[in-house]
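Engineer: Quick one, what's the 3D model for this:
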Amino acid sequence: MDKISVIGLYYDKEQIIDSLIKMGVVQVVDIGQDNMSEELERLVTPDGDEDAVTTLESEMSRVKSAIDYLSKYNTQKKKLFEPKRAVDPALLNKIINRQDRLWHVIDQMDEYDEKLSSLKAEENRQQNLIASIEPWRPLTIPVNTSSTRSTTVVFATVPAVVDLGELEENLKVQAPESYLEVVNRDKDQSYLLLVYHNSVEETVSGILNKYGFNRVYFKDLKGTVEENIKKSSKILDDIEKQKEEINKRLENDIELKKAYDSSQREYEVLKQLVKIRKEMGLTQSDVARKSGLTQQMVSRIETVGNSPTLRSFIKYLDGLGLEIKLERKNSK
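Structural biologist: Prediction:
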């Protein structure tokens, strides 16, 4: 059986595969770029500046994240059917001239997002702490109570099926120098406080091992369980206030509201232009050749954050076979 390799544009991938399968004489055994032969690699010319493309994708991702983040604060009602925005040179120049402010806002959004993520992580930590110590709430002694030279203090759990009366009786008979208190119970386990004299430690350990005894440690906690739950609850209240403050700042920040629309337009314009070029099967080099621009200039035009002249942008559109259409904005 002879082996053939096919190179095509990514957006034609499904159509190429379907065509090969319909031929009935070709077995598709590998779809990808990892096994490209050296011979085929010599026939393939990379499209444009890969570093510029990577930068473009990264910056577009940041803009999109900021748009998505701000969308929930956008009070403007969306229409059920809304036409695509035309490429307006006045709007484009406005976006280009305000890019410093736009990126300042996106940096702000990253800062807000990082702060909210940090608050969320701490919120989860405190909620998990409360959930883990809640069953111990009836315990009245501090959880950091340490053992003395002659006694040992232990917090522990045993499975709910354990007969606690039997356990307590065995301790009384075999290790009378011990004290057992049932702090709490639920459907899974019982929560115990045990104090014993060090002289009966071996006997106590032997008894406890028969009942699925599991020692519990309250790492980094001081005071009673009730005090720790109140402390964590206060931290959660403070976190909620900080989250509300950030959300209120986002809702009332006029600069952010203006930047939302500006960033959304810039992202949509660039995304639409790159999509049109790829749908036409044109590389950046093709557009450069048709427009009279350099390939590097085409790459810069398609990269968020650059400021092409209106002359260069019009040449770029000519290379794509597009033209600028002026429309009066809705004053609603």
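
Engineer: The chain: strands as residue ranges?
Structural biologist: Secondary structure of the chain (DSSP state E): strands located at 151-159, 178-185, 189-197, 214-216.

Engineer: So which of those is the most surrounded?
Structural biologist: Highest mean neighbour count among the strands of the chain (mean count of other CB atoms under 10 Å): strand 189-197, with a mean of 20. For glycine as for every other residue, the C-beta is placed from the backbone atoms N, C-alpha and C.

Engineer: what does it contact?
Structural biologist: Strand 189-197 is contacted by residues 135-136, 139, 141, 150-160, 162, 164, 175, 177-185, 204, 208, 216 when judged by CB atoms under 8 Å, 6 or more residues apart in numbering.

Engineer: still on that earlier bit, mean pLDDT and distance to Lys248 for the strands of the chain - can I get that in a markdown table?
Structural biologist: As requested, those are exported to a markdown table (pLDDT from 0 to 100; distance: least, CB to CB, whole Å):
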| stretch | mean pLDDT | distance to Lys248 |
| --- | --- | --- |
| strand 151-159 | 94 | 43 |
| strand 178-185 | 94 | 40 |
| strand 189-197 | 94 | 42 |
| strand 214-216 | 92 | 41 |
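
Engineer: okay if I get those as CSV plus distance to Thr54?
Structural biologist: Conversion of those to CSV gives the following (distance: least, CB to CB, whole Å):
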stretch, distance to Thr54
strand 151-159, 53
strand 178-185, 57
strand 189-197, 53
strand 214-216, 51
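
Engineer: Relative to Ile106, which of these is closest?
Structural biologist: Closest of the strands of the chain to Ile106 is strand 214-216, at 47.0 Å (criterion: CB to CB).

Engineer: ok, and what's touching that closest one?
Structural biologist: Residues from elsewhere that reach strand 214-216, judged by CB under 8 Å, 6+ apart: Val154, Phe155, Ala156, Thr157, Val158, Tyr191.

Engineer: and the gap between Gln284 and Gly319?
Structural biologist: 10 Å (CB to CB, to the nearest Å).

Engineer: Between these two, which has more neighbouring residues?
Structural biologist: Taking neighbours as other CB atoms under 10 Å, Gln284 and Gly319 compare with Gln284 leading, 24 against 21.

Engineer: Surely Thr151 touches Val200?
Structural biologist: No - look at Thr151 against Val200 with CB atoms under 8 Å: they stay out of range, at 10.4 Å.

Engineer: burial measure for Arg300, as a count.
Structural biologist: Arg300 has 19 neighbouring residues, counting by other CB under 10 Å.

Engineer: Could you tell me what pLDDT the model assigned to it?
Structural biologist: Here, the pLDDT recorded for Arg300 equals 76.
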